[in-house]
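S.K.: What shape does this take:
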Amino acid sequence: MVSRSADVGYLVTKVVAIDVDSVSAYNISVMCSDHGEPSLVSSLTLSLHVSDVNDNAPVLEKSSYEAFVMENNSPGLSVFTVKAIDADWNQNARISYMLEDPINGVSVSSYVSVSAESGVIHAVRSFDYEQIKEFVFRIKAQDGGSPPLYSNVTVKMKVQDQNDNAPQVLYPVQTSSSVIAEIVPRSADVGYLVTKVVAVDVDSGQNAWLSYKVFKASDRALFEVGAQNGEIRTIRQVTDKDAVKQKLTVVVQDNRQPSRLATVNVNVAVADSFPEVLSEFSDFTHDKEYNDNLTFYLVLALAVVSFLFIVSIIAILAW
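M.R.: Numbering: from 1, shown residues only. As a prediction, the model looks like this:
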């Protein structure tokens, strides 16, 4: 409304506050009239531009984010984007993004970075699911006002497993210096449990689901391996005609395509007595003799060293 004085009119706001975020400009028509008879009137139009005040903090699109990155990623990979809007104008609405670092004593900047202008999150390093499965950090969105206003948001980054590990065979133990054989009596019937191949995969989920199969065998008609449990059993009745020395190669593979695999050699002795086994697995005897000789020389060397040490002590005390 306009209040009058002798020759000045004042333009003042009403009770409702002016908000540049709602209306940025006004066109106001002002009319002046005198008290003559008849009254004379003049009018003019005022253009009123509202200046912005930094009274709005940035608002992020989400209250929290959950992002995913596949392990073995390339450093610098763009993972996802955070986005904020500001209802102010010009510099007051110019948003910058930054990491809040550190969190729980961990330098988040060694894991990810954020583009100050775009809010794009990049992976700084290549992640390994077997070492780190997820981590949490915060992003601050700050405007360019003075003083600046800001909001922040929590981001949970989950590392996704990739089939990058081959199965590891725990049993039978593979050694280069000896032959370990599983003994099967000649009286063994169909389904006799010979041994069990035990393997693990440090990957996760389906990447760690393992299956077993016989790759090659001295007698494929004699043994089979359980596809899911790795149990090696006889397929038929063992007979006197079966050779004492049997060998199977079992393949363990995971459940992805392309799959990763490991192989294990299983030695089986079809015999009723231990001497019969030794006669066939001559390598075992040779290695046993070698190990016995090695143990003897180690004990002898230890005895000589101990003797020389005692003699030296006696000589020092006598001197």
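S.K.: wait, what's in contact with the nearest residue to Ser42 once chain neighbours are set aside?
M.R.: In this structure, Ser42 finds its nearest non-sequential neighbour in Cys32, 5.0 Å apart by Cβ to Cβ, 6 or more residues apart in numbering. C-beta coordinates here come from the backbone N, C-alpha and C atoms, glycine included. Neighbour list for Cys32: Gly9, Val41, Ser42, Ser43 [criterion: Cβ atoms under 8 Å, 6 or more residues apart in numbering].
S.K.: List buried residues within the residues you listed.
M.R.: For the contacts of Cys32, a burial check counting by 16 or more other Cβ atoms under 10 Å picks out nothing.
S.K.: Determine which two of these are furthest apart.
M.R.: Across these, the longest distance by Cβ to Cβ is 13.6 Å; it joins Gly9 and Val41.
S.K.: What is the burial count for Glu71?
M.R.: If you count neighbours by other Cβ atoms under 10 Å, Glu71 ends up with 19.
S.K.: hang on, the earlier thing: please identify which of the contacts of Cys32 is nearest to Tyr111.
M.R.: Nearest to Tyr111 among the contacts of Cys32, with distances taken as Cβ to Cβ, is Gly9, at 63.8 Å.
S.K.: Who does the closest one form a beta bridge with?
M.R.: Arg4 (DSSP bridges).
S.K.: do Ala269 as well
M.R.: Ile183, Lys245.
S.K.: Tell me how far the residue nearest to Ser42 lies from Val200.
M.R.: Applying Cβ to Cβ, to the nearest Å, the value for Cys32 to Val200 is 93 Å.
S.K.: and if you look at Gly230?
M.R.: 11 Å.
S.K.: more crowded one of these two?
M.R.: Gly230 (21 against 13).
S.K.: I'd assumed Val197 was in contact with the more buried one.
M.R.: Yes: Gly230 is in contact with Val197 according to Cβ atoms under 8 Å; the separation is 3.8 Å.
S.K.: So for the two, which residues contact both of them?
M.R.: In contact with both Gly230 and Val197: Tyr212, Val250, Val252, using Cβ under 8 Å, 6+ apart.
S.K.: Name the nearest of the contacts of Cys32 relative to Asn92.
M.R.: Closest to Asn92, out of all of these and judged by Cβ to Cβ, is Gly9, at 32.1 Å.
S.K.: The closest one reaches Val30, doesn't it?
M.R.: Yes: in this structure, Gly9 is within contact of Val30 by Cβ under 8 Å, at 6.9 Å.
S.K.: pLDDT on stretch 137-150, on average?
M.R.: Average pLDDT, stretch 137-150: 94.
S.K.: Please spell out which residues along that stretch are buried.
M.R.: Neighbour-count burial for stretch 137-150 flags Phe137, Ile139, Lys140, Ala141, Gln142, Asp143, Gly144, Gly145, Leu149, Tyr150 (criterion: 16+ other Cβ under 10 Å).
S.K.: Please consider this matter closed, and thank you.
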